[in-house]
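>>> Sequence plus predicted model, see below.
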Amino acid sequence: MASPGKRFVWSALAVGCVLFGSCVCGVAQEGTAAESRRYAEQAQIALAQGHYEEAEKAFEKLRALEPGVAEVHANLGLVYFQERKFEQAVPALRQALKLKPGLVKSENLLTMSLSELGHYGEAAPNLEKCFRGSSDAEIKRMCGLQLLRADTGLRRDSRAVEVALELNRSYGDDPEVLYHTGKIFGNYAFLTMQKLAQVAPASVWRHQTEAEAYESQGSNDAAISEYQQVLSVDPGRPGIHYRLGRTLLARSRQSNSPDDLAAAAKEFEKQAMHLLPRENPLDRNAGLGQPAHMLEATGGREDFHRRIPQVEPLLQEGDEDLVLFVRSVEESANMAARIDYRFRELHGLLRDDHSCPRVCRQRHRSP
């Protein structure tokens with residue numbers, strides 16, 4: 001049984017008159033009219049039930065009886081297309097167009113079949129024409145997806161991105177479209193980053209790209225090295241101290257390294273200090289650099305924010321630097337508390353669990 005999608009494609013592309021035998025019977029010789037009608041009816045029933053093999057056999061017999069009827073070849077070509085027999089679909093559809101050049105649906109099918117076979121150069125112009133000009137939403141969608149394939153095969157990556165954007169605008173809720181356009185965008189991003197590595201291998205942009213990629217893969221050693229390269233080129237680059245601290249923290253959790261933990265705390269503090277407005281230097285008594293329990297005792301991060309003039313409007317506007325600053329302040333305070341707690345724990349200086357601030361206990365107990 002065919003899927004609903006295949007039946008919809010059939011209804012969109014079928015050349016209707018042969019299905020009911022009217023065209024066949026109108027031109028058939030008297031002796032073959034009844035037999036032609038019988039095969040046409042068999043094909044119609046098989047198609048309605050989604051039995052493409054039976055429909056194929058009926059149309060092949062009908063083609064032998066009526067070789068001069070374009071619609072017979074057209075519908076047989078469509079059956080082959082539905083069965084993904086593209087090598088057989090191409091000659092059938094070519095013959096249909098030879099007999100009747102105005103069969104637009106057959107032309108679209110032929111173009112898509114050529115694309116499926118990898119003949120992108122021949123298929124691309126008509127795929128473009130179909131995608132830009134078809135008034136049928138399903139045909140436009142099918143031609144657009146095939147045009148993505150053709151443009152990619154012809155290495156016309158920029159044009160593939162343009163088609164992908166248009167497909168997303170027209171079919172934004174279609175999972176198949178989203179899957180294929182997502183691959184196009186991902187491929188284009190990869191090619192762009194590959195070119196960056198070629199044209200500027202020692203640039204800060206290349207090192208930051210590598211660092212972010214390594215971090216996303218969990219390759220902390222490589223990510224840390226690349227982030228450090230970024231800072232060696234541009235020590236004040238926004239957000240890098242925070243990202244480096246975050247990666248050091250991740251590695252410390254893997255290796256239980258106190259050195260990485262201490263280094264992470266330093267990076268978070270550097271980021272926080274770097275993001276402070278120059279005209280409003282932070283009073284260190286407001287919380288930064290203090291143990292976490294002191295930060296909490298002064299009212300927590302909300303009180304900390306109130307000590308920095310003009311913070312609230314920036315928070316409401318969603319300022320990215322300020323968001324990064326808030327994270328860095330919190331991480332720095334957490335790191336200071338954790339290091340202090342770990343030191344006292346190792347040296348037997350803890351009286352009870354309450355001597356560790358709440359945020360420290362939460363962090364210490366996390367895996």
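Cool, got the structure.

>>> so what's Pro101 up against?
Contacts for Pro101 (CB atoms under 8 Å, 6 or more residues apart in numbering) come out as none. Yep, even glycine has a C-beta here, placed from its N, CA and C like the rest.

>>> Ok, Glu267 next?
Contacts of Glu267 by CB under 8 Å, 6+ apart are His241, Tyr242, Leu244, Gly245, Leu248.

>>> next one: Gly118
Counted by CB under 8 Å, 6+ apart, Gly118 has contacts Gly153.

>>> Is it in a helix, a strand, or coil?
When classified by DSSP: H, G, I helix; E, B strand; the rest coil, Gly118 comes out as coil.

>>> try the one 3 residues further on
Local secondary structure at Gly121 is given as helix here, using three-state DSSP.

>>> What about the contacts of Glu267, which are in helices?
Taking DSSP state H as the definition of helices, the contacts of Glu267 contribute His241, Tyr242, Leu244, Gly245, Leu248.

>>> sorry, back to before: pick the one among the contacts of Glu267 closest to Tyr214.
Leu244 (11.9 Å; CB to CB).

>>> Give me the domain ranges for this protein.
For the chain, automatic domain parsing gives the domain ranges 1-117, 123-181, 238-365.

>>> Which one of those has the poorest average confidence?
Of all those, the minimum mean pLDDT falls on domain 238-365 (a mean of 58).

>>> Starting from Glu53, give me the distance back to Phe86.
For Phe86, the distance to Glu53 (CB to CB, to the nearest Å) stands at 16 Å.

>>> out of these two, which sits in the busier spot?
Set side by side, Phe86 and Glu53 show more neighbours around Phe86, with 21 against 10, by other CB atoms under 10 Å.

>>> doesn't Thr111 make contact with that one?
No - the criterion here is CB atoms under 8 Å, and Phe86 misses it with Thr111 at 11.4 Å.

>>> which ones are touching Val163?
Here Val163 is in contact with Phe131, Gly144, Leu147, Leu148, Asp151, Ile184 (CB under 8 Å, 6+ apart).

>>> List only buried entries from those.
Taking 16 or more other CB atoms under 10 Å as the criterion, what is buried in these is Phe131, Gly144, Leu147, Leu148, Asp151, Ile184.

>>> And the helices in the stretch 101-250 of the chain?
104-116, 120-133, 137-153, 157-170, 175-199, 204-216, 220-233, 240-255 (DSSP state H, counting those that start in this stretch).

>>> Of these, flag the one that's most buried.
Compared across the helices of the stretch 101-250 of the chain, helix 104-116 shows the largest average neighbour count, a mean of 24 (mean count of other CB atoms under 10 Å).

>>> Return the list of helices and strands in contact with that one.
Here helix 104-116 touches helix 4-13, helix 70-82, helix 86-99, helix 120-133, helix 137-153, going by 3 or more CB pairs under 8 Å, 6 or more residues apart in numbering; DSSP states H and E.

>>> With distance to Tyr179 as new columns, can these be given to me in a markdown table?
Below are the helices and strands packed on helix 104-116 laid out as a markdown table (distance: least, CB to CB, whole Å):
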| stretch | distance to Tyr179 |
| --- | --- |
| helix 4-13 | 14 |
| helix 70-82 | 21 |
| helix 86-99 | 21 |
| helix 120-133 | 18 |
| helix 137-153 | 10 |
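
>>> so Leu76 makes contact with Ala92?
Yes - between Leu76 and Ala92 there is a contact under CB under 8 Å: 4.9 Å.

>>> quick one on the thing from earlier: could I get the ones in helices among the contacts of Glu267 as a markdown table with distance to Glu267?
Converted to a markdown table, these look like this (distance: CB to CB, whole Å):
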| residue | distance to Glu267 |
| --- | --- |
| His241 | 5 |
| Tyr242 | 7 |
| Leu244 | 5 |
| Gly245 | 3 |
| Leu248 | 6 |
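
>>> Next, work out how far apart Ala213 and Glu226 are.
Ala213 is 9 Å from Glu226, by CB to CB.

>>> Mind listing what's buried along stretch 37-54?
For stretch 37-54, a neighbour-count test (16+ other CB under 10 Å) marks Arg37, Tyr39, Ala40, Gln42, Ala43, Gln44, Ala46, Leu47, Gly50, His51, Tyr52, Glu54 as buried.

>>> what's the most distant pair in the residues you listed?
Using CB to CB, the two most remote members of these are Arg37 and Gly50, lying 22.2 Å apart.

>>> Could you give the number of residues near Gln217?
By other CB under 10 Å, the residues close to Gln217 number 10.

>>> Dihedrals phi and psi, it?
phi -90, psi 0 (degrees, to the nearest 10).

>>> how close does it get to His207?
Going from Gln217 to His207 by CB to CB gives 16 Å.

>>> For Gly102, grab phi and psi.
For Gly102, the backbone dihedrals (degrees, to the nearest 10) come out as phi -80, psi 10.
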